[in-house]
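with the sequence up front, the predicted model follows.
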Amino acid sequence: MSDQILLRFLSAGLIDVGGDDAKLGKLRETASDLAASLQKTPSKTSSFALIAFDPASPEDDPVITEVCNALRKRWPTYINTFSGTPLLVLRALLLDALVQAASDERVGVAFVTSARNALPFIEAGNEQSIWAEAVLEIERRVDARAEAEWATPESIHVPHMKYSAPSPIEISLPEVGIEADNLAEELAAATYAPTNPHSNRNDPHSWGKQFGRLAGDAIADSLNAALESLQFEPINITEPLKALSEAVTTHVGDTLKLVSAATAGLQRRTNLIWWKETLYSPSARVSYRTLPASTVGALMALDLHQQVPTFSPVSVAAFLSETVLSLTSVDPENNLSLRELVGEAVKSAELSPLRTVARQLIPQPGGRGPILSLLAEDEGTFAMNDTQFRARVGVPADAALTISEWAAWIFRELQAARATREVVKAKKPGTKD
């Protein structure tokens, strides 16, 4: 798909290089340069996307300047081919770069979520089919990964325990022998006096009895002397037992990790059902039923974001919308303008946790960025006029959303920001750089 983006713009007559393949090559090289920049700094994804979507993007936006500089490096005389700032060409380059960079799924998440939020409110004209195909392709890929991470397998394969049996223990015994000559002498002595006083008398019974005792003593002494040489050191099996214990411990630990990973999706879904049923905000520590309808959607978006991983199925946003609609205070038909919703989010005490997270996740852009960037900048007041608002977020200030749609919007932006975040130093409200 990425190889075809510029060709599709050419085929649709949206950009013209006069049939010069060399010029097309320079455009492709520029798009590849921009894609490499995105993969190096994923946090620019939302800004790139919001400019690329919008035919009315301001020409002085930093993203436009960056694309012009990249094009100039590859094609110093491009200005002779296009009159003025070739905004459509620059936006085509951005789309091509976004699609290429989306091989990094962090970029893919930010691109798709930005598209889902902004594109419905922007007139894409003849570009719409190109955008739609690009968004759907990347969304399918990102969602496939998310579904895999949330899935619970039917069975778990546990590998065999890794254990090498120790070598057999060898026991060496000394050679054992009875001193036959000594034993013979002792037996002979048992036969004759004075050892056997009955040897010269005609009393065979008494003699035999005395002989048996004396011969037994002689034989026992010989055997005991031989057995004394059989002493050997005790066998130490500490190391084999220790190795077996460590192997069993490792195997059980690995098995538990497999079980935990396999059931993580099920546990996550269970926790979300509990959250939906309780309708309790872990960040504000209050029931959602006690909050104003104008703020509850954004707070629920934050709470859901903090419970799920970055890669979450598209259905999670739908789950959020349905949870918002379960509140009796939320009118599913009531629409509020983005200006009203952002203004409320900037000043609401209940949404202070959301503004804190926004400051942690969003770099301060010099130009267009997500709505979260407005929450990261402002607190207490919102004085931006409609023209400034349109230039900053790429969507008209009077664009109307229901509370459930607004919740999904904020949730998507939070997911995109977390996917592409860099280390952002939080700045206290009211402080200057």
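Here it is on my side, so go on. Residues are numbered from 1 along each chain as shown.

can you pull the pLDDT of L187?
Listed pLDDT for L187 reads 69.

same check, this time on the one 5 residues further on
Per-residue confidence for Y192 comes out at a pLDDT of 65.

again, but for I5
84.

quick check: it touching A102?
No. Using C-beta atoms under 8 Å, I5 is not in contact with A102, being 11.5 Å away. Backbone N, C-alpha and C define where each C-beta goes, glycine included.

have a look at those two and say which one is more surrounded.
Set side by side, I5 and A102 show more neighbours around A102, with 28 against 23, by other C-beta atoms under 10 Å.

how close does the closest residue to the more buried one other than its chain neighbours get to L38?
Leaving aside its chain neighbours, A102 sits nearest to G108 (4.0 Å; criterion: C-beta to C-beta, 6 or more residues apart in numbering). Look at G108 and L38: by C-beta to C-beta, to the nearest Å, they are 11 Å apart.

SS state for the closest residue to D386 other than its chain neighbours?
Leaving aside its sequence neighbours, D386 sits nearest to A397 (C-beta to C-beta, 6+ apart; 4.2 Å). Following DSSP: H, G, I helix; E, B strand; the rest coil, the label given to A397 is coil.

please apply the same query to V252.
helix.

and it, how many residues sit next to it?
11.

run through who's touching stretch 75-93.
5-6, 9, 14-15, 17-18, 23, 26-27, 30-31, 34, 51-55, 57, 59, 64, 67-68, 70-72 (C-beta atoms under 8 Å, 6 or more residues apart in numbering).

what subset of these is buried?
For the contacts of stretch 75-93, a burial check counting by 16 or more other C-beta atoms under 10 Å picks out 5-6, 9, 14-15, 17, 23, 26-27, 30-31, 34, 51-54, 57, 64, 67-68, 70-71.

where in the stretch 51-200 of the chain is pLDDT low?
Scanning the stretch 51-200 of the chain for pLDDT under 70 picks out 152-156, 163, 169, 171-181, 183, 187, 190-200.

again, only this time at 50
Counting by pLDDT under 50, the stretch 51-200 of the chain contains no low-confidence segment.

what are the ranges of the strands in the chain?
Taking DSSP state E to define them, one finds strands in the chain at 280-281, 286-287, 336-337, 400-401.

in TSV, list the ones you listed along with mean neighbour count, distance to A148 and mean pLDDT.
What follows is the strands of the chain, written out as TSV (neighbours: other C-beta atoms under 10 Å; distance: least, C-beta to C-beta, whole Å; pLDDT from 0 to 100):
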stretch	mean neighbour count	distance to A148	mean pLDDT
strand 280-281	17	30	94
strand 286-287	12	35	94
strand 336-337	18	37	94
strand 400-401	18	31	96
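
dump those strands to JSON lines, plus distance to F382.
Below are these laid out as JSON lines (distance: least, C-beta to C-beta, whole Å):
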{"stretch": "strand 280-281", "distance to F382": "23"}
{"stretch": "strand 286-287", "distance to F382": "24"}
{"stretch": "strand 336-337", "distance to F382": "12"}
{"stretch": "strand 400-401", "distance to F382": "16"}
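
out of those, nearest to T310?
strand 280-281 (21.4 Å; C-beta to C-beta).

which ones among the buried ones among the contacts of stretch 75-93 are found in helices?
5-6, 9, 23, 26-27, 30-31, 34, 51-53, 64, 67-68, 70-71 (DSSP state H).

count of neighbours near S326?
Using other C-beta under 10 Å: S326 sits among 13 other residues.

next, it: phi, psi?
Dihedral pair for S326: phi -70, psi -10, per degrees, to the nearest 10.

show me what contacts it?
Residues in contact with S326, defined by C-beta under 8 Å, 6+ apart, are K276, L279.

and the pLDDT at K23?
88.

now for it: which residues touch it?
K23 makes contacts with V17, W75, T81, as judged by C-beta under 8 Å, 6+ apart.

how does it look with 10 Å?
D16, V17, W75, T77, Y78, T81 (C-beta atoms under 10 Å, 6 or more residues apart in numbering).

what's the answer for L241, then?
P166.

can we see that at 7 Å?
The contact partners of L241, by C-beta atoms under 7 Å, 6 or more residues apart in numbering, come to none.

V248 versus that one, what's the distance?
Where V248 is concerned, L241 sits at a distance of 11 Å (C-beta to C-beta).
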